[in-house]
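In: Quick one: sequence plus predicted model below, questions after.
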Amino acid sequence: MAESFAFGIADRVLGKLASAIIQEVGLAWGVKSELEDLKDTSSAIHAVLLDAEGKQATNHQLRNWLGKLRDAFYDAEDIVDEFEYEALRRQVVARGSSKTKVRSFLSKPKSVAFNLEMGHRVKKIRESLDKIAADKSKFNLIERLPNTPVVLRKREMTHSFVRTTDVIGRDCEKENIVGLLMQSSDNENVSVIPIVGIGGLGKTTLAKLVYNDERVVGHFSTKVWVYVSEEFVVEMLVTKILKEMKGDENYSDFSMEQLQSHLRNELDGKKFLLVFDDVWNQDREKWLKLKELLMDGANGSKILVTTRKKSVASIMGSFPMQELKGLSKKDCLSIFVKCAFNDGEDKQYYPNLLKIGEQIVEKCAGVPLAVRSLGSLLYSKKDEHDWVSIRDSEIWKSEQNQDGIMDVLNLSYYDLPHHLKQCLSLSSMFRKNYKISNQDLIKFWMAQGLIQSVGQNATMEDIGETYINDLLSRSFFQDVEEILPGVYYDFKMHDLVHDLAMFFAQNEYFTLSFRKEDIPKRIQHVSFSNTHWPNEEYEASRFLEKLNSAIRTIDFLSASCSKSFLNACFLRFKCIRVLELSESRFEALPNSIGDLKHLRYLSLTENTAIKKLPSSICKLYHLQTLLLFGCSELEELPRGIGNMINLRTLIMTTKQRDISFKWLNSLQDLDIIHCLNFELLLKGMGSLTALRKLAIANCPNLASLSPSIKLLTTLEVLLITSCEKLEFMDGEAEGQEDTQTFGSLRILRFQDLPRLEALPRWLLHDTTSNTLRELLLADCPNIRALPETGLQKLTHLQKLEIEDCPQLTERCGAKTGEDWQRIAHIPKIYVAEKRFHLFRGWMKTGNRVVELYAREGVIKCGSSSMIG
């Protein structure tokens, strides 16, 4: 179902074709008319793609048509990307010249042969799109705006009846909500209790149990059950409530004024329970308009809401949301046995099937709808092979989807904005139960072009955070583990959500072994499994010819990979955007890496053999993320690294003593880790005009920070740990006047700095004191006291932690310490001599490279395998 990505890809292509830089390059290279034709064709197709994607599930021909369009738009995106690359290359070459000279240089025409070639390629793609588009009349498609909801098969309407004996589990949850319903409120007559969870967890069933409980029936004089679903129309909902209360009265001719009057009169002075089941509305104004009509009930009236979205609960709820978790394995197995077997036959006649059933239940992760769906499916199947195939399948096939959990999850998926559908689907490239880092996922999305910041006053990283938060609020992601609040956190995908995402990505992503024969033709992202790959380039090339040449992601999953095989990949796949080579063992990258014009993400994390990067790597003008953590034998960064004009994240381990970061004015995240010879920070810091996070760890020879560190006016997070020689934070003599200092710093953490004697003076300057929110001092034994004056200036500081700083800990003791009055204004203060076991340095745990240097948990600096 990756065909449903066609709209998003077309959207990106149109956005790029409309950009000034593409139009200018097109004019200079004599291909402007071809680009305009491509834009016109793309626009005409784009207009009907949302309608096509909504109808493809029941139309095989339409699905194939969308697949062809998807591939054609990928080709279009690739060629537009080449125009952007050439523009970046010319900016690098012309850098240092005036703006006029840069514009003049950018406009210099290429050779006639080049112009003809590019014009021919653009024309060929446009003709391909024209040919495919000619078939759209067959499908009776209409133009649909992006914010117009796609109408899918409607879920069956719910009702309030449930047979208590049919419900297994949820006793604790039921008692908790019944208790809340019985409470009175001092603040308002009518309170709202939201029940939240992914589809299939039993929110509606739980609401029914509560609704029909004898205590609840006796407590409320009026009870009303209303099924809401996607359409949250106030007039329609008022009519539904009145019909439930008054029977079959006809309200079709009533005006809104008459409806609201009738409703308020019916509710006036009554203690009522109103259930709104399956609410999707996120428009707060709509809710407030309805809520206003429901406030005339007696004190203690309640509204119970079920929803899949935390954002809905946040908008509607008076009480904290009741987040529903999965059922226990025991309860799930009871449900499964009840659905899959006749009474008593499970153990007596089918003990082997029961054992397989237990394994199937375990996969369902406590989701009762999934358990019931699979149990019902297997009721008529008593062949062990059928049960094994269900147990071992990665995604549920169509027959399993009918009226089951995948249908419910499909509704949630189709409700997503188009820009989040591909983001969620490609998240399935992280294996099941993997702790996904927000930083890793955002960088991956960025590399694939899934995050667009055009026209928005925000960075791609910030927009990526909003994407993750949206998916969290819709319960597609769960189990959030905060590492550094506001910066790093991990989360997981529920296994069933992962299956759903894999289903929609099935024509995009594939895991390969060398002997694999059956390879889908339109694959865009591949992982090479942990098998031995050919060393002979000829043999490797023959195998790679089976794959689509426009592959966008290659992840070696720690597979044994020779330099010759890698070179064969580079020669075959010119459109790679993500290259994951963590834990590889080659000493040098092929020079041909410089030909990967589209590459955005490159990880060599924990390659302990590589000694040098080829100078050709500096031609990767599109590169956004470069991960060199754990490259302990790497002698130095290439001198032309400043040519990486789009580099946003650099995480590095090298042997060099000092580093120049001149020209890296797009860099947002810089981590310098295990640079054992590193002495000087930093040359060219004035160029880092976009840097937001700086982490320095395990640099034992670093003695001082450069005064120019204060030039980092955009820096928000500064983390320094395990630098045993570091004495000075200011990098200047005491008394020297500061002319400029940080203006955005929010989080500051110093740990394991045994020679550090005092906090930096810039910490107390106005620009820093107005922004700093969090300060951690840990294992800095020579810091004996806080500054006598100045800490009171940190008026925005919300959290101060002091740990393993013996004298400072004593002086900052609550109320009695000598320095207590200097920090008493801070809302959250943690002072402890030994609150946690101190881990020094960076370590590997599972598939993650982490540093344990904060009481909250770990700071992730890289990933030994981002995908897989």
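Out: Looks like it came in fine.
In: need the contact list for the residue lying farthest from the centre of the chain.
Out: Distance from the C-alpha centroid of the chain, by Cα atoms, centre = their mean, peaks at residue 249 (48.9 Å). Neighbour list for residue 249: 242-243 [criterion: Cβ atoms under 8 Å, 6 or more residues apart in numbering]. Just so you know, the C-beta spots here come from the backbone N, C-alpha and C atoms, and that holds for glycine as well.
In: Tell me which helix or strand it sits in.
Out: Of the helices and strands defined by DSSP states H and E, none includes residue 249.
In: The host helix or strand of residue 483 pairs with which strands, parallel or anti?
Out: Counting by DSSP H and E, the element that carries residue 483 is strand 477-484. Within its sheet, and counting by DSSP bridges, strand 477-484 is paired with strand 488-493 (antiparallel).
In: CA atoms only: put the strand it pairs with into CSV for me.
Out: This file holds the C-alpha atoms of strand 488-493, laid out as CSV (Å, rounded to 0.1, in the frame of the first residue of the first chain):
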residue,chain,number,x,y,z
TYR,A,488,16.2,13.3,24.1
TYR,A,489,13.6,10.7,24.6
ASP,A,490,12.8,7.2,23.4
PHE,A,491,9.5,5.5,22.6
LYS,A,492,8.2,2.3,21.0
MET,A,493,5.6,1.3,18.4
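In: Report the contact partners of the spatially closest residue to residue 759 that is not a sequence neighbour.
Out: Leaving aside its chain neighbours, residue 759 sits nearest to residue 787 (6.4 Å; criterion: Cβ to Cβ, 6 or more residues apart in numbering). For residue 787, the set of contacting residues under the criterion of Cβ under 8 Å, 6+ apart consists of 758-759, 764, 822.
In: Using the three-state scheme, assign residue 787.
Out: What DSSP: H, G, I helix; E, B strand; the rest coil gives for residue 787 is coil.
In: avg pLDDT for stretch 132-145?
Out: The predicted model assigns stretch 132-145 a mean pLDDT of 85.
In: list the buried ones in it?
Out: Neighbour counts over stretch 132-145 (16 or more other Cβ atoms under 10 Å) mark 132-133, 136, 139, 141, 144 as buried.
In: I'd say residue 256 and residue 235 touch.
Out: Yes - the pair formed by residue 256 and residue 235 meets the contact definition of Cβ atoms under 8 Å, at 5.4 Å.
In: neighbour-wise, which of those two wins?
Out: More crowded of residue 256 and residue 235, by other Cβ atoms under 10 Å: residue 235, with 15 against 11.
In: which secondary structure elements does the helix or strand harbouring that one contact?
Out: Assessed by DSSP H and E, residue 235 sits inside helix 234-246. Applying 3 or more Cβ pairs under 8 Å, 6 or more residues apart in numbering; DSSP states H and E, one finds that helix 234-246 contacts strand 222-229, helix 256-267, helix 284-292.
In: isn't there a helix covering residue 362?
Out: Yes - secondary structure of residue 362 (three-state DSSP): part of a helix.
In: and the gap between the closest residue to it other than its chain neighbours and residue 139?
Out: Counting by Cβ to Cβ, 6+ apart, the nearest residue to residue 362 once its immediate chain neighbours are dropped is residue 329, at 6.6 Å. Distance, residue 329 to residue 139, using Cβ to Cβ, to the nearest Å: 46 Å.
In: In a markdown table: the helices and strands packed on helix 234-246, plus mean pLDDT and distance to residue 804.
Out: A markdown table is the format used below for those (pLDDT from 0 to 100; distance: least, Cβ to Cβ, whole Å):
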| stretch | mean pLDDT | distance to residue 804 |
| --- | --- | --- |
| strand 222-229 | 91 | 54 |
| helix 256-267 | 91 | 60 |
| helix 284-292 | 92 | 46 |
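In: Among these, show me which one is buried the most.
Out: Mean neighbour counts were compared across the helices and strands packed on helix 234-246 using mean count of other Cβ atoms under 10 Å; the top stretch is strand 222-229, at a mean of 19.
In: and the gap between residue 171 and residue 331?
Out: In this structure, residue 171 and residue 331 are 10 Å apart, going by Cβ to Cβ.
In: Comparing these two, which shows the higher neighbour count?
Out: residue 331 (19 against 11).
In: who touches the more buried one in this structure?
Out: For residue 331, the contact set (Cβ under 8 Å, 6+ apart) comprises 168-169, 368.
In: Rebuild these as CSV, extending it with pLDDT.
Out: As requested, the contacts of residue 331 are exported to CSV (pLDDT from 0 to 100):
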residue, pLDDT
168, 83
169, 82
368, 84
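In: Going by distance to residue 49, which of the residues you listed wins?
Out: Minimum separation from residue 49 among the contacts of residue 331 (Cβ to Cβ) is found for residue 368, which lies at 36.4 Å.
In: Count the residues that sit near the closest one.
Out: Residue 368 has 23 neighbouring residues, counting by other Cβ under 10 Å.
In: ranges for the strands of the stretch 501-650 of the chain?
Out: Applying DSSP state E, counting those that start in this stretch to the stretch 501-650 of the chain gives strands spanning 509-512, 525-528, 553-555, 578-580, 601-603, 625-628, 649-652.
In: Reformat the ones you listed as TSV; add mean pLDDT.
Out: As requested, those are exported to TSV (pLDDT from 0 to 100):
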stretch	mean pLDDT
strand 509-512	82
strand 525-528	87
strand 553-555	92
strand 578-580	96
strand 601-603	97
strand 625-628	98
strand 649-652	96
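In: any low-confidence regions in the stretch 151-300 of the chain?
Out: Judged against pLDDT under 70, the low-scoring parts of the stretch 151-300 of the chain cover residues 151-166, 248.
In: again, only this time at 80
Out: 151-167, 185-187, 199-200, 230-231, 247-250, 252-253 (pLDDT under 80).
In: what's around residue 676, how many residues?
Out: 14.
In: Grab the nearest non-local neighbour of it.
Out: Spatial nearest neighbour of residue 676, excluding adjacent residues (Cβ to Cβ, 6+ apart): residue 700 at 6.2 Å.
In: Surely that neighbour is in a strand?
Out: No - using three-state DSSP, the assignment for residue 700 is coil, not a strand.
In: doesn't residue 726 make contact with it?
Out: No - with contacts counted by Cβ under 8 Å, residue 700 stays clear of residue 726, the gap being 9.2 Å.
In: secondary structure class for residue 718?
Out: Local secondary structure at residue 718 is given as strand here, using three-state DSSP.
In: May I have the beta-bridge partners of it?
Out: When bridges are taken as DSSP bridges, the partners of residue 718 come out as residue 694, residue 748.
In: Provide a list of residues in contact with it.
Out: By Cβ under 8 Å, 6+ apart, the contact list for residue 718 reads 693-695, 745, 747-749.
In: From residue 797, how far off is it?
Out: With distances taken as Cβ to Cβ, residue 718 is found 14 Å from residue 797.
In: and if you look at residue 723?
Out: Distance check for residue 723 against residue 797: by Cβ to Cβ, it reads 24 Å.
In: These two: which has the busier surroundings?
Out: Set side by side, residue 723 and residue 797 show unequal neighbour counts under other Cβ under 10 Å, the larger going to residue 723 at 26 against 21.
In: Apart from its neighbours in sequence, what residue is nearest the residue nearest the centre of the chain?
Out: Closest residue to the average C-alpha location of the chain: residue 468 at 3.9 Å, with Cα atoms, centre = their mean. Spatial nearest neighbour of residue 468, excluding adjacent residues (Cβ to Cβ, 6+ apart): residue 438 at 5.6 Å.
In: I'd say the one you found and residue 467 touch.
Out: No - with contacts counted by Cβ under 8 Å, residue 438 stays clear of residue 467, the gap being 10.0 Å.
In: wait, residue 413 sits on residue 502?
Out: No - in this structure, residue 413 is not within contact of residue 502 by Cβ under 8 Å, at 11.9 Å.
In: What is the burial count for the residue nearest to residue 362?
Out: 14.
In: Could you do the one 4 residues further on as well?
Out: For residue 333, the tally of surrounding residues (other Cβ under 10 Å) stands at 22.
In: Identify the residue spatially nearest to it, adjacent ones excluded.
Out: Of all residues not flanking residue 333 in the chain, residue 361 sits nearest, at 5.1 Å (Cβ to Cβ, 6+ apart).
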